[in-house]
Structure formats: structure tokens, C-alpha cells
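Need a 3D model of the sequence below.
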Amino acid sequence: MTKGMSERQYAAHAGISRGAVQKARAAGRLVLHPDGSIDAAASDARRAQFTDPARSRRAASSSIGTEGARPVPEAAVAAVGETLREQGLASTSGSGGTTFLQARTANEVLKAQERRLRLQKLKGELVERDRAAALVFRMAREEREAWITWPARVAALMASELGVEVAAMQKILEDHVRSHLEELAAPRAPDFA
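The predicted structure follows:
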């Protein structure tokens with residue numbers, strides 16, 4: 001006399017194929033009685049722990065219990081909520097937790113954002129931060145060098161217009177340009193007022 005169900009009976013009970021039952025048995029996701037028959041209630045609970053509700057045929061028509069399910073890290077729940085809020089979607093279910101559907105929606109939103117960024121990068125609309133920083137640094141250095149060499153280029157012209165000695169004019173211009181460049185290089189706190 002068997003205590004539990006056969007593979008066929010359990011397949012009909014669980015709404016899955018017999019092959020899926022055999023795979024679950026081989027993977028240790030079913031609870032068996034000593035005679036080899038399947039303990040339906042215990043097997044349902046164990047399968048619920050290992051099965052993604054989105055891949056279940058009965059996900060829409062029945063709710064799978066969460067007893068014994070692994071806890072979700074708080075950071076992951078917060079990230080799901082933040083992503084949903086950024087998109088103007090409700091971030092929590094009525095009971096205050098995050099549902100699997102909400103987490104999946106957040107995942108799809110993040111994948112779409114990642115694809116958009118990748119496409120912008122391919123189109124040349126987006127550049128890497130390190131590359132942009134190197135470009136800005138190079139441009140700032142070129143600008144600084146242009147200012148440092150400027151007094152030597154204009155000192156003779158200015159000295160002749162003013163009727164002063166060229167060396168004195170160049171020295172004064174170099175001193176003022178260097179002073180100004182030092183002021184610009186000094187770190188300043190932004191004024192948010």
C-alpha cells in the first residue's frame with residue numbers, strides 16, 4: 001500500500017509534466033515516502049523554495065507559499081523601490097513589502113536603462129568619464145601654457161605703445177599672469193547662495 005502519489009498523480013496534482021516530476025525527483029526537490037511514493041504537501045513546499053514563480057504554469061492562478069523562503073537583503077529591496085520610484089511606479093505592495101512582479105519590473109527597467117546608455121555610447125552621445133577628465137585636463141593645461149607665454153609675445157608691443165622698457169613690461173605682465181593663474185588654481189568652495 002502506497003502512502004503518497006505516483007509520478008503521474010503528482011504531475012496532475014502539481015500541473016506539470018511527468019518529465020518535470022522526474023527531473024525534480026532527480027534533483028532532490030521532492031519529498032519521498034520510504035516506499036518511493038511522493039509526499040505531495042511536503043514536495044509542494046520544497047518545490048516552492050526552488051521554483052521561480054514567473055516560470056511556473058500556475059503562477060497566475062495560485063499563490064505559492066513563502067514559508068522557508070530565503071530572506072531578501074534589505075539593500076536589494078531598497079534598490080527595487082528606488083528604481084520603481086524613479087520611473088513613477090508604485091514601489092511597495094499593500095502589505096509594505098516588495099512583490100516578485102515589482103522586483104521583475106525594476107529589473108526590466110534597469111536593463112532598458114543599461115541598453116539606452118550602451119546605445120548612447122555607441123552613437124557617440126556619451127563618453128567615458130576618464131576620457132572626458134583627461135580631455136578637460138589637457139585643455140586646461142594648454143590654456144595655462146598659452147597664458148604663461150602671452151606676456152613674452154605682447155610685452156614688446158605694449159612697451160612701445162606706452163614708451164617703457166620691454167624687459168620691465170614683460171616682468172610686470174608675467175608676475176600678474178602667474179598671480180592670476182595661482183588664484184584660479186586654488187581650491188574654492190562653491191557658492192550655493
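
Please count neighbours and contacts with C-alpha atoms only from this point.
OK.

tell me, what residue is most central in this protein?
Leu110 (6.8 Å; Cα atoms, centre = their mean).

Go ahead and measure how far the helix ranked longest in the chain is from the middle of the chain.
Taking DSSP state H as the criterion, the chain has its longest helix at helix 129-162. Helix 129-162 has its C-alpha centroid displaced from the chain centroid by 40 Å (Cα atoms, centre = their mean, to the nearest Å).

immediately after it, which helix or strand?
Counting by DSSP states H and E, the next helix or strand C-terminal to helix 129-162 is helix 166-185.

Need the residues that contact that next one.
Arg144, Trp147, Ile148, Pro151, Ala152, Ala155, Ala156, Met158, Ala159, Ser160 (Cα atoms under 8 Å, 6 or more residues apart in numbering).

got the angle for it vs helix 129-162?
Angle, helix 166-185 to helix 129-162, by axes from the mean of the first three to the mean of the last three Cα atoms, to 10 degrees: 150 degrees.

Enumerate the positions of the lowest-mean-pLDDT helix or strand in the chain that are buried.
In the chain, no helix or strand scores lower on mean pLDDT, DSSP states H and E than helix 74-86, which sits at a mean of 76. Residues of helix 74-86 classed as buried: Val77, Val80, Gly81, Thr83, Leu84 (neighbour count, 16 or more other Cα atoms under 10 Å).

for the residues you listed, which one is nearest Arg29?
Val77 (27.1 Å; Cα to Cα).

related to what we said a few turns ago, most surrounded residue in the contacts of helix 166-185?
Tallying neighbours with other Cα atoms under 10 Å puts Ala155 at the head of those, with 22 neighbours.

Count the neighbours of the residue nearest to that residue when sequence neighbours are not counted for me.
Nearest residue to Ala155, sequence neighbours excluded (Cα to Cα, 6 or more residues apart in numbering): Gln170, at 4.9 Å. Under the neighbour criterion other Cα under 10 Å, Gln170 is assigned a count of 19.
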